[in-house]
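[1] got a structure for you, letters missing:
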């Protein structure tokens, strides 16, 4: 199950919950003050592994000019 971050509407505390995807958008209760909390959206982390990203994404031209 994925872990989702939440922020309390009352005290502002951040906390994480491990929930099924179907329950991710449901309101949660803050463990600190028992207030309602909403889900916080974060940017996903991206990890590039392996070689060849520069070569395949930004291929250099052969240096030969084409006549038109």
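    Thanks, I have it. The structure presented is a predicted model; accordingly, all values stated were derived computationally and were not measured.

[2] The residue nearest to residue 28 when sequence neighbours are not counted: what secondary structure?
    Excluding its sequence neighbours, the residue lying closest to residue 28 (Cβ to Cβ, 6 or more residues apart in numbering) is residue 37, at 4.6 Å. The way it works is simple: take the backbone N, C-alpha and C, and place the C-beta from them, glycine included. Using DSSP: H, G, I helix; E, B strand; the rest coil, the structure places residue 37 in strand.

[3] List the buried residues of the helix or strand containing residue 5.
    Per DSSP states H and E: residue 5 is located in strand 3-8. Buried residues in strand 3-8, counted by 16 or more other Cβ atoms under 10 Å: 4, 6, 8.

[4] ok, the closest residue to residue 25 other than its chain neighbours to residue 49 distance?
    Closest residue to residue 25 apart from its sequence neighbours, by Cβ to Cβ, 6+ apart: residue 39 at 6.2 Å. Using Cβ to Cβ, to the nearest Å, residue 39 is found at 29 Å from residue 49.

[5] Ok, residue 3 next?
    Distance from residue 3 to residue 49, by Cβ to Cβ: 22 Å.

[6] Same check on residue 1?
    Per Cβ to Cβ, residue 1 is found 25 Å from residue 49.

[7] Look at those two and report which has more neighbours.
    More crowded of residue 1 and residue 49, by other Cβ atoms under 10 Å: residue 1, with 10 against 5.

[8] give the contact list for the more buried one.
    18-21 (Cβ atoms under 8 Å, 6 or more residues apart in numbering).

[9] And the pLDDT for the one residue sitting closest to the centre of the chain?
    The residue lying closest to the centre of the chain (Cα atoms, centre = their mean) is residue 44, at 2.1 Å. pLDDT, residue 44: 79.

[10] residue ranges of the helices in the protein, please?
    Listed from the start of the chain, the chain has helices (DSSP state H) covering 53-57.

[11] pLDDT below threshold where in it?
    Applying pLDDT under 70 to the chain picks out residues 50-68.

[12] Tell me where the chain has strands.
    3-8, 14-18, 28-29, 36-39 (DSSP state E).
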